[in-house]
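Trainee: Sequence plus the predicted model coming up.
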Amino acid sequence: AAYDAHYPLETAGIWADCARTHSPAIHNDYQHMAGKKSQPEGHAHLIRHLSVPVIDGDKVRMIMGVGNKESDYVEMDARQLQLVANEVQGIVMKRRVDDALRDSEARFHFIADLSPSLIWVSDASKLCTWFNKTWLNFTGKSMEQVIGNGWMDDIHPDDVAQCFETYAGCFDERKPFTMEYRLRRHDGDYRWMLDEGHPRFGEHGEFSGYVGSCLDITERKRAEVEIEALNTSLEQRVLERTHDLEAANRELEAFSYSVSHDLRAPLRGIDGWSLALLEDYGKQLDNTGRKYLERVRTEAQRMGILI
C-alpha cells in the first residue's frame, strides 16, 4: 500500500496481518491459511508469503511483501525484507520531500519573477544559484552568466571589495545584511542598488544559504547629492554673510569711535568755558544765571558719559 493511499484494513486478507500486528507476517502454507481471500485475476498463485510493515510512530506507512520462496520463510528472511522495506520507505519519503521542495521552489520562482525587485538566491557555499527575470532583464545576462560569482562582474569596480566584504562577513555569521553598490545595467549605465540579504534555514534548522532583493535607489542617491550640495552652498553663504556682518560691525565700531571722539571735544569745551565763566564772572551773575551755567555743565558732563 502506498503512503498516501487508503485500503480498508478490515477487508484485506492475511497478507495485511503485518499491518494489524505491527510485525512481520510469515505464511508458509498460504493456500490453507484461514482468512485467505481470493486473488485478483492475473495474480500469481501463492504458496508461501512474507510481508513486513514500515512503521512511522504508531502508524503503518507501507507494507512490503514477497512470495513463493522455494523453501519456507524464516525470521532471517523477515529481517532482511524489513531492512529493504525501511530503505525503500526512506527513498520514497526523500522523493516526496524533494518533490515538495521542487514544487515550493517553482512557486517561489514564479512569484519572484513577477516582482519588480531584483531577487537572488545563494546556497550554503556563498555561491548564487538563481536570479529572477527582473535581474536578468536588468543586466541583459543569462542565468548561466550570473550564477556562482558571475553576478559580481556587473558591480562597479570601486564597489566590488566593499560589497564582497559585507556579503562574506555576514554570510559567515549567518546574519541579515544591507549594502549599497552600483550595478551595471544592460545599456552600460551603472545604477545604485540597495541590496538586502537574509539567511535561509531548512525544516530542521540547517543553514541553506541566503535570499536577497535589490531596489534601484539611483534617484534617491542623486537627490542626496543635490541636498548635500545645497547644504554646502548654504553653509558657504552663511559664512560669507557672517564675514560681511563682522566687517560691517567693525566699520560701525570705528565710526562710533570717531563720532564719539569728535563729539567729546566740543563737550569738553562747553564744560570748560562754563567753569571758567563761573569762576571769573560768577559774582556778577545772579543766582538764576549761576544755576543755568551749572545746568549747562551738568548736561555737558552727562552727554560725555553717554558718548
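Mentor: Sure thing, it's come through.

Trainee: Give me the mean pLDDT for the lengthiest helix in the chain.
Mentor: Counting by DSSP state H, the longest helix found in the chain is helix 218-281. Mean pLDDT, helix 218-281: 81.

Trainee: Okay, buried residues for the helix or strand following it please.
Mentor: Using DSSP states H and E, the helix or strand that follows helix 218-281 in sequence is helix 287-306. Across helix 287-306, burial judged by 16 or more other C-beta atoms under 10 Å covers 293, 296-297, 300. For the C-beta atoms, the positions are set from N, CA and C on the backbone; glycine is no exception.

Trainee: Name the nearest of the residues you listed relative to residue 246.
Mentor: Set against residue 246, the nearest of the buried residues of helix 287-306 by C-beta to C-beta is residue 300 (34.9 Å).

Trainee: What score does that closest one have for pLDDT?
Mentor: On the pLDDT scale, residue 300 is placed at 76.

Trainee: returning to what we had before: looking at the buried residues of helix 287-306, which is nearest residue 78?
Mentor: Using C-beta to C-beta, residue 300 comes nearest to residue 78 of the buried residues of helix 287-306, at 134.1 Å.

Trainee: That closest one contacts residue 265, doesn't it?
Mentor: No. Counting by C-beta atoms under 8 Å, residue 300 stays clear of residue 265, with 11.7 Å between them.

Trainee: which SS state does residue 213 fall under?
Mentor: Per DSSP: H, G, I helix; E, B strand; the rest coil, the local secondary structure of residue 213 is strand.

Trainee: Dig out what it forms beta bridges with.
Mentor: Residue 213 forms beta bridges with residue 119, residue 196, as assigned by DSSP bridges.

Trainee: That one contacts residue 118, doesn't it?
Mentor: Yes. If you go by C-beta under 8 Å, residue 213 and residue 118 touch, sitting 6.7 Å apart.

Trainee: Looking at the two now, which is surrounded by more residues?
Mentor: Each of residue 213 and residue 118 has its neighbours counted (other C-beta atoms under 10 Å); residue 118 has more, 24 against 20.

Trainee: Which stretches in the stretch 51-200 of the chain count as strands?
Mentor: With DSSP state E, counting those that start in this stretch, the ranges of strands along the stretch 51-200 of the chain come out as 59-67, 118-122, 128-131, 177-184, 190-201.

Trainee: Now do the buried residues in the last one.
Mentor: Translated: strand 190-201. For strand 190-201, burial by neighbour count (16+ other C-beta under 10 Å) applies to 190-195, 197, 199-200.

Trainee: So which elements touch the longest helix of the chain?
Mentor: The contact analysis (3 or more C-beta pairs under 8 Å, 6 or more residues apart in numbering; DSSP states H and E) places helix 218-281 against strand 190-201, helix 287-306.

Trainee: can you put the ones you listed in TSV and add distance to residue 80?
Mentor: Formatted as TSV, those follow (distance: least, C-beta to C-beta, whole Å):
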stretch	distance to residue 80
strand 190-201	38
helix 287-306	122
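
Trainee: So which of those is nearest residue 92?
Mentor: Residue 92 sits nearest to strand 190-201 of all the helices and strands packed on helix 218-281, at 25.1 Å, using C-beta to C-beta.

Trainee: what packs against that closest one?
Mentor: Applying 3+ C-beta pairs under 8 Å, 6+ apart, we find strand 190-201 packed against strand 177-184, strand 207-216, helix 218-281.

Trainee: Tell me which of the ones you listed lies nearest to residue 10.
Mentor: Closest to residue 10 of the helices and strands packed on strand 190-201 is strand 207-216 (C-beta to C-beta; 44.3 Å).

Trainee: list the buried ones in the closest one?
Mentor: Quick answer for strand 207-216 (16+ other C-beta under 10 Å): 209-214, 216.

Trainee: Give me the angle between that strand and strand 118-122.
Mentor: The directions of strand 207-216 and strand 118-122 differ by 160 degrees, with axes from the mean of the first three to the mean of the last three C-alpha atoms, to 10 degrees as the criterion.

Trainee: show me what contacts the spatially most central residue of the chain?
Mentor: Ranked by distance to the mean C-alpha position of the chain (C-alpha atoms, centre = their mean), the top residue is residue 196 at 3.5 Å. Residue 196 sits next to 176-178, 212-214 when contact means C-beta atoms under 8 Å, 6 or more residues apart in numbering.

Trainee: Quick one: those as TSV, columns for pLDDT and distance to residue 11 too.
Mentor: Formatted as TSV, the contacts of residue 196 follow (pLDDT from 0 to 100; distance: C-beta to C-beta, whole Å):
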residue	pLDDT	distance to residue 11
176	96	55
177	96	59
178	96	61
212	96	55
213	96	54
214	97	59
